[in-house]
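Undergrad: Give me coordinates for this.
(one chain, ligands or ions: 2)
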Amino acid sequence: MDFLCPLCNGLERKAIVCEKCGGIMEDRGAVQEYFDDYSPYLDLEITRKVDGVSRDQCLHVFGCDTCGADTKIAVGMVEY
Ligand SMILES: [Zn+2]
Ligand SMILES: [Zn+2]
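TA: Ligands and ions are numbered 1, 2, ... in the order given. Below you'll find the predicted structure:
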């Protein structure tokens, strides 16, 4: 038995409502992957944020296509 993130593993799709414009925010991927493309100077801040999430959760970035806002959501792992 293992714990998997349903979003990272394609088991589930999740979308949330944008607080700013009421649009749909879509999953952009797990924070770790999302920030891989960015400059190293972000590393410290990200490490702290990721550490703040319990191990049975996966932190995902959701972005709004309408207004460009983004937010981070902790996704609960599922037993697989
Ligand atoms: Zn995930
Ligand atoms: Zn929006």
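Undergrad: Going by C-alpha atoms from here, please, whenever you check contacts or count neighbours.
TA: Will do.
Undergrad: Tell me how many other residues surround the nearest residue to Y80 once chain neighbours are set aside.
TA: In space, and not counting its chain neighbours, Y80 is closest to D2: 5.4 Å by Cα to Cα, 6 or more residues apart in numbering. When neighbours are counted by other Cα atoms under 10 Å, D2 registers 7.
Undergrad: Name the spans of this protein whose pLDDT lies under the cut-off.
TA: Counting by pLDDT under 70, the low-confidence segments of the chain come to 33-55.
Undergrad: Nearest to the spatial middle of it, which residue is it?
TA: Centroid-nearest residue in the chain, with Cα atoms, centre = their mean: H60, separated by 0.5 Å.
Undergrad: Now do the spatially closest residue to it that is not a sequence neighbour against I73, distance only.
TA: Closest residue to H60 apart from its sequence neighbours, by Cα to Cα, 6+ apart: A30 at 4.2 Å. Remark: distance between A30 and I73 (Cα to Cα, to the nearest Å) = 9 Å.
Undergrad: Who has more neighbours out of those two?
TA: Neighbours were counted for A30 and for I73 using other Cα under 10 Å; A30 has more, 20 against 16.
Undergrad: May I have the secondary structure class of the residue of the chain found nearest ligand 1?
TA: Closest residue of the chain to ligand 1, Cα to the ion: C8 (4.0 Å). Using DSSP: H, G, I helix; E, B strand; the rest coil, the structure places C8 in coil.
Undergrad: Quick check, it in contact with R28.
TA: No. Contact criterion Cα atoms under 8 Å: C8 and R28 do not qualify, at 10.1 Å.
Undergrad: thinking again about what came up before, pull up the overlap in contacts between A30 and I73.
TA: Residues within reach of A30 and of I73 at once, by Cα atoms under 8 Å, 6 or more residues apart in numbering, are 59-61.
Undergrad: And the contacts of stretch 64-80?
TA: Residues outside stretch 64-80 that contact it (Cα under 8 Å, 6+ apart): 1-7, 18, 20-21, 23-26, 31, 53, 56-63.
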